[in-house]
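>>> With the input below, show me the fold.
(chains A, B, C and D)
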Number of protein chains: 2
Amino acid sequence: MTRPGGSRVTVLPAPGREPQAPPAADPSSLALGALEDSLGFLLRIAQLQAFERFYAAVAGHDLRAGAFTILWVIGLNPGVRQGVLAERLMIKRAHMAKLIRALELAGLVARTPSREDRRAVELRLTPAGRRHVELRAAAFFAPDSAPPTSLSAAETRTLIGLLRKLTGIGEEAP
Amino acid sequence: MTRPGGSRVTVLPAPGREPQAPPAADPSSLALGALEDSLGFLLRIAQLQAFERFYAAVAGHDLRAGAFTILWVIGLNPGVRQGVLAERLMIKRAHMAKLIRALELAGLVARTPSREDRRAVELRLTPAGRRHVELRAAAFFAPDSAPPTSLSAAETRTLIGLLRKLTGIGEEAP
DNA sequence: GCAAATTTGTCTACTTGGAAACAAATTCGC
DNA sequence: GCGAATTTGTTTCCAAGTAGACAAATTTGC
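Numbering: from 1, shown residues only, chains lettered A, B, ... in the order given. Next comes the predicted model:
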């Protein structure tokens, strides 16, 4: 399982002369070198694959992952402020402003100015917003109930646990 | 480590009445509910955090992750075609066309029409492109040598192994 | 009390990425 | 052969996301 080069993997591509092998018409047989050990690269590919699977599974449910996530978290945290939401979901504040305005225009979210801090805005689901979330929650979380085929159930649990630890998400300061 | 609800985690937010708790001004104390068990959500957050760390670490090296990755893979697979590259790196072909043109204009990549298939284009690094990659490889892969602080070295290896298995990247069909 | 610094959300301009339609070349059916 | 379907890369247009400046409100230093 360990790689030929150990952990010092910054092996440069063979300088100058080319491998005489044909250009490799099959994507899965491309040489990736040290990228195969790169956490950032693997996370990127894994995330894109997961989104692809997700949108393939929920096709036609008019369900956008980002919007649903925002509504879900507002539903669990009524009165949450935009900036707090943005920081936790890793969405830039400028972008969150646009997303929230769209949700407000759609009648799913209510924005009320905070009384404690008159710069801030408190977010809540409207009744329509709550209905929207309730109707789509099962479809949204369905892919998590039937996890990827390439991992066993135990491996999936391990992976989720490690990702929680890596991101600091399921288990904050005690 | 198991969650209160087991694996059937589609618990809807408390309908109607609000938690009387204050709006939670601290992002890390937001309730996320079933999102904390969602592989897609965790992968998304982990990837964004990883990119943030990456760009913080290589600040000023004029190093874009996507462009470097493309150059790196071309360097390892001279003569590779655009579509193959796009599929493996999960970049849409329309986008790849733009990226490759930019790299060609920058003098880093040479595009030569394939003799076998006159629609296709073969990609190679120019000498300048090879120099570019060699100069930046150490900085690009540095974050992988000093992995995240929240995981032990063993956990990081396990995580990388699981991600390889999930994505099918380090270990193709035997 | 009050000027300076910070925070909160917003705006404009820009970059990144994708969907759909397309031309050219290739492969398939027959 | 030869027309139909497919593949390859490109173009155009649009959506998603970011950067940086900004006004208003708040907090901080004194």
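
>>> host element of the closest residue to A:Thr126 other than its chain neighbours?
Leaving aside its sequence neighbours, A:Thr126 sits nearest to A:Ala110 (CB to CB, 6 or more residues apart in numbering or on different chains; 5.2 Å). Where C-beta positions appear, they are placed from N, C-alpha and C, glycine not excepted. If you go by DSSP states H and E, A:Ala110 is part of strand A:109-113.

>>> so where's chain A shaky on pLDDT?
A:1-25, A:172-174 (pLDDT under 70).

>>> how about the spatially most central residue of chain A, what does it touch?
Nearest residue to the geometric centre of chain A (CA atoms, centre = their mean): A:Gln47, 6.6 Å. Counting by CB atoms under 8 Å, 6 or more residues apart in numbering or on different chains, A:Gln47 makes contact with B:40, B:43-44, B:46-47.

>>> Let me know the closest of those residues to A:Leu89.
Closest to A:Leu89 out of the contacts of A:Gln47 is B:Arg44 (8.8 Å), distances taken as CB to CB.

>>> Look up how far A:Pro78 lies from the residue nearest to the closest one when sequence neighbours are not counted.
Leaving out its chain neighbours, the residue that sits closest to B:Arg44 by CB to CB, 6+ apart is A:Gln47, at 5.5 Å. For A:Gln47, the distance to A:Pro78 equals 29 Å [CB to CB, to the nearest Å].

>>> buried ones in stretch A:129-138?
For stretch A:129-138, burial by neighbour count (16 or more other CB atoms under 10 Å in any protein chain shown) applies to A:129-130, A:132-133, A:136-137.

>>> and what of stretch A:58-66?
So stretch A:58-66, judged by 16+ other CB under 10 Å, has buried residues A:58, A:63, A:65.

>>> Residues in contact with that stretch: which ones?
Applying CB under 8 Å, 6+ apart, the contact partners of stretch A:58-66 are A:51, A:54-55, A:91, A:99, A:136, A:139-140, A:142-143, B:40, B:44.

>>> does any bit of that stretch sit next to DNA strand D?
Yes - for stretch A:58-66 and DNA strand D, the contact criterion (CB under 7 Å from any atom of the strand) is met by A:64, A:66.

>>> hmm, that stretch in reach of DNA strand C?
No - contact of stretch A:58-66 with DNA strand C (CB under 7 Å from any atom of the strand) is absent, the minimum separation being 10.9 Å.

>>> same check, this time on stretch A:123-134
No - under the criterion of CB under 7 Å from any atom of the strand, DNA strand C is not reached by stretch A:123-134; the shortest gap measures 8.1 Å.

>>> hmm, who's touching that stretch?
Stretch A:123-134 is contacted from outside by A:68, A:71-72, A:74-75, A:78-82, A:85, A:100, A:103, A:107-112, B:12-13, B:15, B:18, using CB under 8 Å, 6+ apart.

>>> try 7 Å
Stretch A:123-134 has contacts (CB atoms under 7 Å, 6 or more residues apart in numbering or on different chains) with A:71-72, A:74-75, A:78-80, A:82, A:85, A:100, A:107-111, B:12-13, B:15.

>>> So A:Gln49 sits against B:Thr167, correct?
Yes - proximity of A:Gln49 to B:Thr167 meets the contact threshold set by CB atoms under 7 Å, at 6.0 Å.

>>> more crowded one of these two?
Neighbours were counted for A:Gln49 and for B:Thr167 using other CB atoms under 10 Å in any protein chain shown; B:Thr167 has more, 23 against 19.

>>> Show me which residues of chain A sit near DNA strand C.
Taking CB under 7 Å from any atom of the strand as the contact definition, chain A meets DNA strand C at A:48, A:81-84, A:86, A:93-94, A:96-97, A:100-101, A:111, A:117, A:119-121.

>>> and those residues, which of them are in helices?
A:48, A:82-84, A:86, A:93-94, A:96-97, A:100-101 (DSSP state H).

>>> residues contacting the closest residue to A:Ser38 other than its chain neighbours?
The shortest distance from A:Ser38 to any non-neighbouring residue, by CB to CB, 6+ apart, is to B:Asp144 (4.9 Å). B:Asp144 makes contacts with A:37-39, as judged by CB under 7 Å, 6+ apart.

>>> Would you quantify the distance from B:Asp144 to DNA strand C?
19 Å (CB to the nearest atom of the strand, to the nearest Å).

>>> Shouldn't that residue be within a strand?
No - under DSSP: H, G, I helix; E, B strand; the rest coil, B:Asp144 sits outside any strand and is assigned helix.

>>> That one and DNA strand D: what is the separation?
Relative to DNA strand D, B:Asp144 is positioned 21 Å away (CB to the nearest atom of the strand).

>>> And for A:Ala137?
Per CB to the nearest atom of the strand, A:Ala137 is found 20 Å from DNA strand D.

>>> do the same with A:Val73
Note on A:Val73: its distance to DNA strand D, by CB to the nearest atom of the strand, is 15 Å.

>>> That residue: how many residues sit nearby?
A:Val73 is flanked by 21 other residues according to other CB under 10 Å.

>>> coming back round to it: just the buried ones among the ones in helices among the residues of chain A next to DNA strand C, please.
A:48, A:82-84, A:86, A:96, A:100.

>>> mind putting those in a markdown table, distance to DNA strand D included?
Formatted as a markdown table, these follow (distance: CB to the nearest atom of the strand, whole Å):
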| residue | distance to DNA strand D |
| --- | --- |
| A:Leu48 | 11 |
| A:Gln82 | 13 |
| A:Gly83 | 12 |
| A:Val84 | 15 |
| A:Ala86 | 9 |
| A:Met96 | 8 |
| A:Ile100 | 12 |
